[in-house]
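Student: structure for the following, please:
(2 chains)
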Amino acid sequence: MKYFELIWTALFRSRTRTLLTLLSVAAAFLLFGLLDSVRVAFNSSTNVAGYDRLITSSKLSITQMLPYSLTPKVEAVPGVRKAVYAAWFGGYYRDPKDFFPNFSVGPGFFDVYPEYQIPKTQVTAFENTRTGAVVGEALAKKYGWKIGDNIPMQATIFPTGGSNTWQMTLVGIFKVTDAKREGEEKQLVFNWKYFDEANDFVKSRVGWYIVKLDDAGDATQVARAIDAISENSDHETKTQTEQAFNQAFIKQFADIGLIVTAIMAAVFFTLVLLTGNTVSQSMRERIPELAVLKTLGFSNRAVLWLVLGEAVLLLFLGGALGIGLAQVMIPSISAASGGIVSLPSIPPETWAVGFALMLAIGIAVGILPALRAMRLNIVDALANR
Amino acid sequence: MTALVSLRGLTKSYTRGPETIQVLHGIDLDIEQGDFVALMGPSGSGKTTLLNLIGGLDSPTSGEVEVGGQRIDQMNSGQLAHWRSNHVGFVFQFYNLLPVLTAQKNVELPLLLTNLSAAQRKRNAEIALELVGLKDRGKHKPKELSGGQEQRVAIARAIVSDPQLLVCDEPTGDLDRKTADEILTLLQRLNRDQGKTIIMVTHDPKAADFATHTVHLDKGDVVDAPALAAH
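Tutor: Below you'll find the model as predicted:
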């Protein structure tokens, strides 16, 4: 610790340069903190214990649909209060860029999602209107929709009567009170019965079941019992938490881990070059000072540690600042994801990987200047040769 | 009197590209404990090279360097570093203070290599600064000090770990006459009052007047060393 002040003052010898380098390190680790947190969230445990609402979908792939006939069997499992089915539609409004989550749902959907606030009359209208649709308030605001409006949705997977246009009537608008989940207001649901009757491809198939339990404490055994129904059939199921289901859904489109790794590899490669250059330049400017330290009796190894310590300290300061900023920003990222990514803060795993990266990059950028400092010939260095 | 520094058959050559330059040619010299020796001679005569060898900053090509009874020519770089921290203080022409540290912290630098507590290091540095007349300048950074003051801080750094030997390479080369005389008087006082053995490289005959002995070098040989050359 007695050398800390020496390292600290050397680090801030050129304040502007050090601050700019710190900012670039912080920016890289801010990006790392955000992206790696998402990666961790997408790879988090799918343990259902403690959840009172589960999702049952195909074990093989969530693109594989399940038979509608499973409904009474799932509902009959002890501990299941209600099971509601749904099926992904994947359409868009007007233009492909006007995309938002949209799917058909069975009766009782709003019973299993009590956090979606919607007037009872609108729920009744939804269940009594064959082409009825309900959207979140944010989506209604975005497109200026009001009750009674016709919404022509364009199918991308399921045509109806040879056409991609599905006529829907807006009969309800729901609100989500939890600010962290306000992204869920950007979705549209419509009647599964309409979907089942009108689509040209699949009949009596559902995408997944939303299963409400009597007691969250029974989640593990109920999940096991539901999956046992279809064991050894051509439609084996996997019952999991909603979060795990959402993550699996996103993983259809992209390998989050690979994307995060690729982006971070590029960012950290640039960081190593940039910071390595700065640390080398800083060391070159201080050659006579390092020679003075050696003259005073600092050993070669002590000088090596001083230079290496400076590089590692730079990375730790910038890195901690970056991940700290990510920690502040994470709640808003979670909110914007519409509940797909649920992160109250940076996961400990991300902090651990972050610290390991700070150490590794610190050593990588500091080792060559440190070795050069270690090998300095005092007489030549003092003479600036 | 016993010799603090004893040199026997000391040679030093450098290789610069294809050329080998012999800087010192078999120097024999004894410097007694408590001497204040001025090393003089024209540029290229080997003064600084000799000083570097005595201070353990460089190793001879051949010959013996014994300081305080220890053969430093036989030490490896780690042993030499440890030896320097305990036995020698260095004063340079351009002070060579660390610009980011205060005067006090610059003086404390050699003490970082000891087991002294932070409080003791601070206390010792204050005493050293007081000895060189800069007690009230401890919190100033080098750029806030005059050249003479910087050199005083460098001298305080050289004596803070109480070495037997001070090696000074042109300590007044960058100072005006008046300030140079103040610095030389300070070195003289350290020699007389504290018993420090001082070896000083200088071009300046007036600076050499402050020394007790003068050794003249020319082309890598001692040409005149009254009462000093080893017999």
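Student: now the longest helix seen in chain A: mean pLDDT?
Tutor: Counting by DSSP state H, the longest helix found in chain A is helix A:300-336. For helix A:300-336, mean pLDDT rounds to 91.
Student: distance between it and the chain's centre?
Tutor: How far helix A:300-336 lies from its chain's middle: 22 Å, per C-alpha atoms, centre = their mean, to the nearest Å.
Student: could you point out which element follows it?
Tutor: As assigned by DSSP states H and E, the chain's next helix or strand after helix A:300-336 is helix A:348-374.
Student: identify each buried residue in that following helix, please.
Tutor: Neighbour-count burial for helix A:348-374, with 16 or more other C-beta atoms under 10 Å in any protein chain shown as criterion, is recorded at A:350-351, A:353-354, A:357-358, A:361-362, A:364-367, A:369-370, A:372-374. Using the backbone N, CA and C atoms, a C-beta is placed for each residue, glycine as well.
Student: hmm, who's touching stretch B:60-74?
Tutor: By C-beta atoms under 8 Å, 6 or more residues apart in numbering or on different chains, the surrounding residues in contact with stretch B:60-74 are B:3-13, B:24, B:26-27, B:53-54, B:56, B:59, B:80, B:83, B:87-88, B:164-165.
Student: find the closest residue to chain A in chain B.
Tutor: The minimum distance from chain B to chain A, using C-beta to the nearest C-beta, falls at residue B:85 (2.4 Å).
Student: phi first, then psi, for the residue lying closest to that residue once chain neighbours are set aside.
Tutor: Among residues not flanking residue B:85 along the chain, residue A:297 sits closest, at 2.4 Å (C-beta to C-beta, 6 or more residues apart in numbering or on different chains). Backbone torsions for residue A:297, taken as degrees, to the nearest 10, come to phi 120, psi 0.
Student: residue A:297: neighbouring residues, count only.
Tutor: Neighbours of residue A:297 under the rule other C-beta atoms under 10 Å in any protein chain shown: 24.
Student: so where do the helices sit in the stretch 101-250 of chain A?
Tutor: Along the stretch 101-250 of chain A, counting by DSSP state H, counting those that start in this stretch, helices occupy A:109-112, A:120-128, A:137-143, A:192-198, A:219-229, A:242-251.
Student: looking at the ones you listed, spot the one closest to chain B.
Tutor: Among the helices of the stretch 101-250 of chain A, helix A:242-251 comes nearest to chain B, with 50.0 Å by C-beta to the nearest C-beta.
Student: and the closest one, which residues are buried?
Tutor: Under the neighbour-count criterion of 16+ other C-beta under 10 Å, helix A:242-251 has A:243-249 buried.
Student: how far away is the closest residue to residue A:93 other than its chain neighbours from chain B?
Tutor: Closest residue to residue A:93 apart from its sequence neighbours, by C-beta to C-beta, 6+ apart: residue A:153 at 6.1 Å. Distance of residue A:153 to chain B, given as C-beta to the nearest C-beta, to the nearest Å: 67 Å.
Student: list the contacts of residue A:153.
Tutor: By C-beta under 8 Å, 6+ apart, the contact set of residue A:153 is A:89, A:91-93, A:102, A:165-166, A:168, A:188.
Student: can you do 10 Å?
Tutor: Taking C-beta atoms under 10 Å, 6 or more residues apart in numbering or on different chains, we find residue A:153 in contact with A:89-94, A:98, A:102, A:133, A:160, A:164-168, A:188, A:190.
Student: of those, grab the buried ones for PyMOL.
Tutor: Selection of buried members from those for PyMOL, criterion 16+ other C-beta under 10 Å:
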select buried, chain A and resi 89+91+92+93+102+133+160+166+168+188+190
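Student: which of the contacts of residue A:153 fall in strands?
Tutor: Applying DSSP state E to those, the entries found in strands are A:92-93, A:102, A:133, A:165-168, A:188, A:190.
Student: pLDDT for those residues - can I get that in CSV?
Tutor: Output for these, formatted as CSV (pLDDT from 0 to 100):
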residue, pLDDT
A:92, 95
A:93, 94
A:102, 94
A:133, 97
A:165, 95
A:166, 96
A:167, 95
A:168, 96
A:188, 96
A:190, 97
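Student: wait, which of those is closest to chain B?
Tutor: Chain B lies nearest to residue A:92 out of the ones in strands among the contacts of residue A:153, by C-beta to the nearest C-beta, at 61.0 Å.
Student: for that closest one, list each beta-bridge partner.
Tutor: Judged by DSSP bridges, the bridge partners of residue A:92 are residue A:99, residue A:154.
Student: run a quick check on it versus residue A:98, I expect a contact.
Tutor: Yes. At 5.4 Å, residue A:92 counts as touching residue A:98 under the criterion of C-beta atoms under 10 Å.
Student: give the residues shared as contacts by the two.
Tutor: Common neighbours of residue A:92 and residue A:98 (criterion: C-beta under 10 Å, 6+ apart): A:153-154.
Student: does stretch B:212-223 reach chain A?
Tutor: No. Counting by C-beta under 10 Å from any C-beta of the partner chain, no contacts exist between stretch B:212-223 and chain A, the nearest distance being 16.0 Å.
Student: how about that stretch as PDB, C-alpha atoms only?
Tutor: Written as PDB, here are the backbone C-alpha positions of stretch B:212-223 (Å, rounded to 0.1, in the frame of the first residue of the first chain):
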ATOM      1  CA  THR B 212      39.100  18.600   0.500                       C
ATOM      2  CA  HIS B 213      40.700  16.800  -2.400                       C
ATOM      3  CA  THR B 214      40.600  17.000  -6.200                       C
ATOM      4  CA  VAL B 215      41.200  14.100  -8.600                       C
ATOM      5  CA  HIS B 216      42.000  15.000 -12.200                       C
ATOM      6  CA  LEU B 217      41.100  12.600 -15.000                       C
ATOM      7  CA  ASP B 218      42.100  12.700 -18.600                       C
ATOM      8  CA  LYS B 219      41.300  10.200 -21.300                       C
ATOM      9  CA  GLY B 220      40.200   7.600 -18.700                       C
ATOM     10  CA  ASP B 221      43.300   7.900 -16.500                       C
ATOM     11  CA  VAL B 222      43.900   9.600 -13.100                       C
ATOM     12  CA  VAL B 223      46.500  12.200 -14.000                       C
END
